[in-house]
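J.: sequence? don't have it. structure:
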C-alpha cells in the first residue's frame, strides 16, 4: 500500500501548484513538447526515407541511374538509413536533441539523394 501515500503526496503537490507531474519526475513540459516534436520529425524522416528508397529503386530499374551515380546514390541512402538508426536509438532513450540531430543528418542525405535522382 505504498502507492496510496505516494498518490496522496503527488496529488497534494499538484493541487497546491508546487509542481507538475513532469517536473516531479525530472522532466519539464518544455522537454516533453520538444520530445514530441522530435518524434514527429523522426516519423516524417522515416517516410521521406521510404519515399527516397522507392524513387531510388524505380530510377535504377529504369536505367536512368547507373555507374558512379548509382554508387553515390546507394551510399547516400545508406547514410540516411544509418542516421535514422541513430535517431531511433535516441528515441529509445527519449533524447530529443540527439533525435533532432540525427534526423537533420538523415534529411540532408535524403535531399542529396533526391537531387541526384532528379538529374
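T.: Structure received. Since this is a predicted model, take the numbers as computed values, not measurements. Numbers count the residues shown, from 1 in each chain.

J.: residue contacts, residue 42?
T.: Residue 42 is in contact with 84, 87-88, 91, 99, 103, counting by C-beta atoms under 8 Å, 6 or more residues apart in numbering. Where C-beta positions appear, they are placed from N, C-alpha and C, glycine not excepted.

J.: Quick one: classify it as helix, strand or coil.
T.: For residue 42, the assignment made with DSSP: H, G, I helix; E, B strand; the rest coil gives helix.

J.: pLDDT at it, what is it?
T.: pLDDT, residue 42: 97.

J.: if I look at it, how far off is residue 97?
T.: Distance of residue 42 to residue 97, computed by C-beta to C-beta, to the nearest Å: 13 Å.

J.: again with residue 90
T.: 8 Å.

J.: those helices in this structure, which residues are they?
T.: 3-16, 21-24, 29-62, 67-92, 96-117 (DSSP state H).

J.: Now do the third one against helix 67-92: the angle between them, please.
T.: With axes from the mean of the first three to the mean of the last three C-alpha atoms, to 10 degrees applied, the angle from helix 29-62 to helix 67-92 works out at 160 degrees.

J.: buried residues in helix 29-62?
T.: Within helix 29-62, the residues that count as buried by 16 or more other C-beta atoms under 10 Å are 34-35, 38-39, 41-42, 45, 48-49, 52, 55-56, 59-60.

J.: next one: the fourth one
T.: With burial defined by 16+ other C-beta under 10 Å, the residues of helix 67-92 counted as buried are 73, 76-77, 79-81, 83-84, 86-87, 90-91.

J.: Also the last one?
T.: Neighbour-count burial for helix 96-117 flags 96, 98-103, 105-107, 109-110, 112-114, 116-117 (criterion: 16+ other C-beta under 10 Å).

J.: Please tell me how far residue 100 sits from residue 109.
T.: 15 Å.

J.: do the same with residue 38
T.: From residue 38 to residue 109 the distance is 18 Å (C-beta to C-beta).
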